[in-house]
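Enquirer: after the sequence you'll find the predicted model.
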Amino acid sequence: MSSPSPEIVDPADLLAAEDLELVAAHLVDGRASGRNLSPLTGEGSEFHSHREYEPGDDLRRVNWRLWARTDRLYIREARAETNLGVYVLLDASTSMRPGNGTMTKWRYAARAGAAIALQAARALDAPSLTLFSDQIRSHLPPRGGRRHVHDLISEICAYHPEGRTDLGLALREAAPLLTRRGIVAVISDFMDWSPQVVPALAELRHQGHEVCLIQILDPLEQCLPESGAFVFHAGEEPGQERRVDGARARAAHTAAVNAWLGEIGSAAAAEGLTWLQATTERPLGELFAEWMDIRKSRRGIRG
Amino acid sequence: MNFISPPMLAALAGLAVPIALHLLRRDSGIRTEVGTLRFLENLPTPRRKWSVPQDWLLLLLRCVAAALLAFLFARPLLDGKRPERLVVIDRSASTSGDDVLTAARRAAAGNGSENTTLLDLGSELLPADPDATSAGRADFSRLAEWARGHFEGRDARNAELFVHSDLQWSNLPVTKPRWPEGLKVTLIPHVHPVTTNIAVTRVRLLDWNSKTGIARVEANWKTFGPLPDRKISLAFQASDLLGTTTTAHSPVLVSAQLAAGTAIAELECGKTPMVAFEARITDAADPWSFDDARGNIGRLYRARVAIIESGVPVSGADPCASYFLSKSLVAEVGDEKAFSVERLNTLPLKLDGFQLVALCNPRELTAEQLTQLRGFTEKGGGLLLFAGQTTATSLPTQLASVGLLPVNLTTSPAALRMAARWDPAVLGSAVEGADPADLVVFSRFTAEKTADTIVLAESTDGAPLIAAKAVGTGRVVLANFAPERNLADFPLNPFYVPIMRRLASHAAGESELSLGEGELENGSGRVAQTKGRLLYLNPPSAESDTRFASVEEFSEKLGLDLAAQKTPAVGAAGTEIWPWLALGLLAALLIESLIIVLRKPRLA
């Protein structure tokens, strides 16, 4: 097992893959958001088993006939998503290094990716991990089992963001690796977003995957501070820097960023992609809760 | 506002540092990494430093902090006065030379400011008097004693003492004086050019012919310092108790070749029993000018006598009983005295420290005074009584009532009495030239012996002329005659002085009193008794010693901290406000830090 990357794990904590697992488990169990992430998977039409009703379960899954017989509520558990592939495409480029909030974008993304993988494994699905920058850096094919999750998380921990971003190229390289239908979670800052990226994403959608774009930004990237002078530099643009007066540039910067975000959001909506946007200050549980709500509403729409 | 260390205000120049930094330093801003710079194109850049209001505040805070730091080192005083300054001018005799005193007064005026006291230091410490001349010695022990009293209960660290002195060795005290704690004493030397002084070192009676009344007196003299090119002579003078003086001059001495020498002169002194002989250096060109400066020699007293005489002037112009008695008791060699005599108009409240009380023509005594005398005598004190011309007639009764009268005295017409016999052990033997026939006096009282009477001298009619009585561990001696010459020529008798001294010694219980070589602090002196005549000998002149000390030597002898003299002035009276300045400095730095922290990027 490779040693974990210190950028992911809190320096005060034990630097081990289990740490990220704990975090992921914490998220998955709903202790962070107060909501169980199990609806993330497990939705389907193939009956698997009954379990006793718990408050919050979808009433449409209640087996009313069984209630009539037993006078007790039971939920039909579907087995349709068993062995569903859950693909985590994690941006591991240099642009993921900044961290002016509570943590770096990479760390935030790593936590999100680990949580998704862990939940998938618990739901008897097969998580997969693909690390990319301007190309595929690492790929773990979908597989079930706790040990695979452990290896997956260790792979994340061992990685240090580097390289330029080329999302379009990475997606095109990753597409053949996504062998079974499933959920594709692209976790990135989408700094190199361009109209050329949309076709690659659309292709994944057309392959039958449910695609979710999880865009993670640093708080300063989304909104400049109200005051202060800053000298910004970017890892993927070496030798360049911009001196900015926060108070005077804030409005213009915010407008530009919002326009860009709006562009991404519109493109995602047009292609039927789920788009989640957050800064590293936003609790991950809240992000996942939003995702669940979106998925839930979509299933509701589909009827 | 005043400052303890005003030179530290130069640190205000440090205000230039934050100003310069603010003007020169480019505000580089906070370096921050982001994912891309494309959203930061063409955005407004930071303005120049001085146009940002927040930076003005930082500049002001930093300037305030620098100013507070400078003030902190300067140690300001609120409502403070300048340091208390004491400026003392050495007015000893040596400063008259070469206008040293004038220069010292001029320099002392430069030390003056508000809260300054000018003092003259001689044998006493007096307010400065610009018209006063040099005299005597400068008593630094007295100065230290005065300073201790002046600063008693006060902090002497808020004061400065400047002493303008020629630092003559002879002015140094024998023991180091004790100065007030923390007082900064600075010696300011006023150096003499090389000077020379010539002084008489000893006067000696070589021979005195009692028949002719001619005395041969020898004087030794010595030059201190380089040999001058002057012609000098010695002036001799003999003066008796009646104020009669005779003078003589030695031959002219060529001083240029002599560092020391001796001169002899013959003086006609008559037959009076007490003669003072003096010799002084005179300028041969002006024989009547006297250059000698006489100083003090240590005192030696063997008995302390209080002579009580009421209602008469204490003056040498009109000699009275107590005057005669005191002169006879005092044998001065320089300042060596066999008796320490105090002439008083009334009995002192306390007789502690006295060995003998002599009553010369006293008035009536109160009951308390009688009780006091009784107690004094019982504890070993001596009482010497004279039944003089103006003795109160009731006094004998008073003294008898407390058992202090050796005989019974009754008033009677004045009668001439002559001593027939006396106790040689007390009054002297024939070998010493004592002759009872010399004691011829008039007396106003008739004396009768009592059971306790000890007759020391008996008149021809068998009555006690001089009697004594033991009282406790003390003694009372009564002389049935006056000590002055109103009723007799006894004081002019050559034997008058010895008798007076013996009576006093016997009454005081100092039977072993001997005269001769005295123990003196400086110089040398002798008391010589030739045929009952006492001599004054010219003391060595301490002021003739022209040696001067350095500031370091003088400071060490005076027990001064030489290092302290080189440090800046001490603090001034007033309230130090440095704690508030430190607090202000801390507050300025805290606010500055707070502003910097708050300027860090804040999330939307």
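Expert: That came through fine.

Enquirer: against which helices or strands is the helix or strand hosting B:Ala265 packed?
Expert: Assessed by DSSP states H and E, B:Ala265 sits inside strand B:260-268. Applying 3 or more CB pairs under 8 Å, 6 or more residues apart in numbering or on different chains; DSSP states H and E, one finds that strand B:260-268 contacts strand B:214-224, strand B:231-240, strand B:245-249, strand B:274-283. Where you see a C-beta, it was placed from the backbone N, CA and C, and this is true even at glycine.

Enquirer: worst average pLDDT in those?
Expert: Mean pLDDT is lowest for strand B:274-283 among the helices and strands packed on strand B:260-268, at a mean of 63.

Enquirer: low-confidence bits of the stretch 1-150 of chain A, can you list those?
Expert: Applying pLDDT under 70 to the stretch 1-150 of chain A flags the ranges A:1-48, A:78-83.

Enquirer: just the closest residue of it to chain B, please.
Expert: Chain B sits closest to A:Ser95 of the stretch 1-150 of chain A, with a gap of 3.7 Å, by CB to the nearest CB.

Enquirer: quickly list what B:Ser459 is bridged to.
Expert: With DSSP bridges as the criterion, B:Ser459 is bridged to B:Ala419.

Enquirer: re the thing from before, CA atoms only: put the strand holding B:Ala265 into PDB for me.
Expert: Once non-C-alpha atoms are left out, strand B:260-268 reads as follows in PDB (Å, rounded to 0.1, in the frame of the first residue of the first chain):
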ATOM      1  CA  ALA B 260      62.600  77.100  56.300                       C
ATOM      2  CA  GLY B 261      64.200  78.900  59.100                       C
ATOM      3  CA  THR B 262      64.100  80.300  62.600                       C
ATOM      4  CA  ALA B 263      63.800  83.800  63.900                       C
ATOM      5  CA  ILE B 264      64.200  85.000  67.500                       C
ATOM      6  CA  ALA B 265      62.900  88.200  69.000                       C
ATOM      7  CA  GLU B 266      62.800  89.800  72.500                       C
ATOM      8  CA  LEU B 267      59.600  91.100  73.800                       C
ATOM      9  CA  GLU B 268      58.800  93.100  76.900                       C
END
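
Enquirer: quick one: average confidence on that strand?
Expert: 81.

Enquirer: correct me, but B:Leu72 touches B:Ala582?
Expert: Yes - counting by CB atoms under 8 Å, B:Leu72 touches B:Ala582, with 6.2 Å between them.

Enquirer: neighbour count: those two, which is higher?
Expert: Neighbour totals were compared for B:Leu72 and B:Ala582, and B:Leu72 leads with 19 against 13 (other CB atoms under 10 Å in any protein chain shown).

Enquirer: secondary structure element holding the more buried one?
Expert: Per DSSP H and E: helix B:53-74 holds B:Leu72.

Enquirer: that helix - contacts with which helices or strands?
Expert: helix B:16-24, helix B:578-598.

Enquirer: adjacent strands (with direction) for whatever helix or strand comes next after the shortest one?
Expert: Toward the C-terminus, helix B:16-24 is succeeded by strand B:30-34 as the next helix or strand (DSSP H and E). Taking DSSP bridges as the criterion, strand B:30-34 sits next to strand A:229-234 (parallel) in its sheet.
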